[in-house]
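Undergrad: coords please:
(3 chains)
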Amino acid sequence: MPELPEVETIAQGLREPLVGRQFTGVHVGWADLIARPAVEELKRRLVGQRILDVQRRGKYLVFALSSGASLIVHLRMTGRLLIKNSGAELDKHDHLILVLDDGRELRFNEMRKLGRVYLVDDEDEIVGDLGPEPLDDDFTAADFAALLSTRRGMIKPLLLNQRFMAGVGNIYADEALFAARIHPERRADTLTAEEIERLYHAIRQVLRQGIENRGTTLTAYRDVEGREGVNQEYLQVSRRTDEPCLRCGTPIERTVVGGRGTYFCPKCQKPALEVGG
DNA sequence: ACCACAACCTGGCCGC
DNA sequence: TGCGGCCAGGTTGTGG
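TA: Numbers count the residues shown, from 1 in each chain, chains lettered A, B, ... in the order given. A predicted model of the protein is given here:
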């Protein structure tokens, strides 16, 4: 489920309840949720720790602990992080419960069991290979152009590659390419300077709008209090098969690119013209 | 470098 | 009601 705007919304929502709190108990309902270390070591190293900070990096949540270690969570497709009062009814998908010192709990709810939790001394063990943050002030259009210039693959799978750029997922990739009027299968190194400029601003615009709208809830996504986002009401192209393009009226098409469902307007997002020999 | 595909899991939806 | 098939916001590994 969650891409950058959803994870950012969750990170913002976790700061008030978590920063300054202490973990007083750890309950693991499904051991494979814990990628590392082993469950017993995780418990030993978490209990008694205070949470100093909650940050987002790409689609990861990074909790800085008083020991200096980092607790890192990836929600994959259907993971949720929820703040509940201790004693609140357990859901069958609450697979990890971190008890806090104020009568509340942080619960990792994961229907599909794809999400993962890591406890590491150095966060770079997990997030060190991620590409740049697209919303960082020092990530410029020129930086983006330089990264694209050496890539021969299709633009959409490249946007989804977290080592290329961190945080963009399937929905926001389609939205950005539509806003920039670029076909998802265009070769990255063939984009014109104008197209790169449009795409750079489109990526940042759709991500910022997603954050303002507290995320996109299609099915599973919820914020830390269990509320849905509203950005699904603002999607321009994603999930709109056969509905009219909001720019030109042409029916939106669905195809598969890089193994992912892909929505685009066949008129506004033309494939590259074949250059005659 | 790049691509296709499978795997990890569960649940919702659709057609029969 | 039930069953098979397809789909799903993500990532990783394998093989070509």
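Undergrad: what's the closest non-adjacent residue to the residue of chain A found nearest DNA strand B?
TA: In chain A, the residue that lies nearest DNA strand B is A:Gly153 (3.0 Å; Cβ to the nearest atom of the strand). For glycine as for every other residue, the C-beta is placed from the backbone atoms N, C-alpha and C. The shortest distance from A:Gly153 to any non-neighbouring residue, by Cβ to Cβ, 6 or more residues apart in numbering, is to A:Ala188 (6.2 Å).
Undergrad: pretty sure that neighbour contacts A:Leu159?
TA: No: contact status for A:Ala188 versus A:Leu159: not in contact, 9.0 Å apart, counting by Cβ atoms under 8 Å.
Undergrad: who has more neighbours, these two?
TA: In terms of neighbours (other Cβ atoms under 10 Å), A:Leu159 is the more surrounded of A:Ala188 and A:Leu159; the figures are 24 against 21.
Undergrad: how about the helix or strand hosting the more buried one and DNA strand B, any contact?
TA: Assigned by DSSP states H and E, A:Leu159 belongs to helix A:155-160. Yes: residues of helix A:155-160 contacting DNA strand B under Cβ under 7 Å from any atom of the strand: A:Pro157.
Undergrad: which strands and helices lie in contact with that helix?
TA: helix A:170-179, strand A:260-264 (3 or more Cβ pairs under 8 Å, 6 or more residues apart in numbering; DSSP states H and E).
Undergrad: pairing partners for the last one, with directions?
TA: Just to be clear, that refers to strand A:260-264. strand A:253-257 (antiparallel) (DSSP bridges).
Undergrad: what's in contact with the strand it pairs with?
TA: Contact with strand A:253-257 is made by A:Met154, A:Lys156, A:Pro157, A:Pro184, A:Glu185, A:Thr241, A:Gly261, A:Thr262, A:Tyr263, A:Phe264, A:Cys265, A:Pro266, as judged by Cβ atoms under 8 Å, 6 or more residues apart in numbering.
Undergrad: let's see it at 6 Å
TA: Residues from elsewhere that reach strand A:253-257 (Cβ atoms under 6 Å, 6 or more residues apart in numbering): A:Lys156, A:Pro184, A:Glu185, A:Thr241, A:Thr262, A:Tyr263, A:Pro266.
Undergrad: quick one: it to helix A:170-179, angle?
TA: Here strand A:253-257 runs at an angle of 120 degrees relative to helix A:170-179 (axes from the mean of the first three to the mean of the last three Cα atoms, to 10 degrees).
Undergrad: check the offset of strand A:253-257 from the chain's centre.
TA: Here strand A:253-257 shows a centroid-to-chain-centroid distance of 21 Å under the convention Cα atoms, centre = their mean, to the nearest Å.
Undergrad: please export the C-alpha coordinates of that strand as PDB.
TA: Taking C-alpha atoms only, strand A:253-257 is exported to PDB below (Å, rounded to 0.1, in the frame of the first residue of the first chain):
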ATOM      1  CA  GLU A 253      -6.200   2.600 -20.800                       C
ATOM      2  CA  ARG A 254      -4.700  -0.100 -18.500                       C
ATOM      3  CA  THR A 255      -1.700  -2.100 -19.500                       C
ATOM      4  CA  VAL A 256       1.200  -3.900 -17.800                       C
ATOM      5  CA  VAL A 257       4.700  -2.300 -17.700                       C
END
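Undergrad: so does that strand get close to DNA strand B?
TA: No: contact of strand A:253-257 with DNA strand B (Cβ under 7 Å from any atom of the strand) is absent, the minimum separation being 7.6 Å.
Undergrad: flag every residue of chain A that's near DNA strand C.
TA: A:1-3, A:58-59, A:74, A:76-78, A:112, A:114, A:160, A:162, A:169-171, A:216-221, A:232, A:259-261.
Undergrad: tell me the least confident of the contacts of strand A:253-257?
TA: Lowest in pLDDT among the contacts of strand A:253-257 is A:Thr241, which has 92.
Undergrad: mind checking the end-to-end distance for stretch A:130-140?
TA: With Cα to Cα, to the nearest Å as the measure, stretch A:130-140 spans 17 Å from end to end.
Undergrad: please, where are all the strands along chain A?
TA: Taking DSSP state E as the criterion, chain A contains strands spanning A:23-28, A:34-36, A:51-57, A:60-65, A:70-74, A:79-85, A:94-100, A:104-110, A:116-120, A:253-257, A:260-264.
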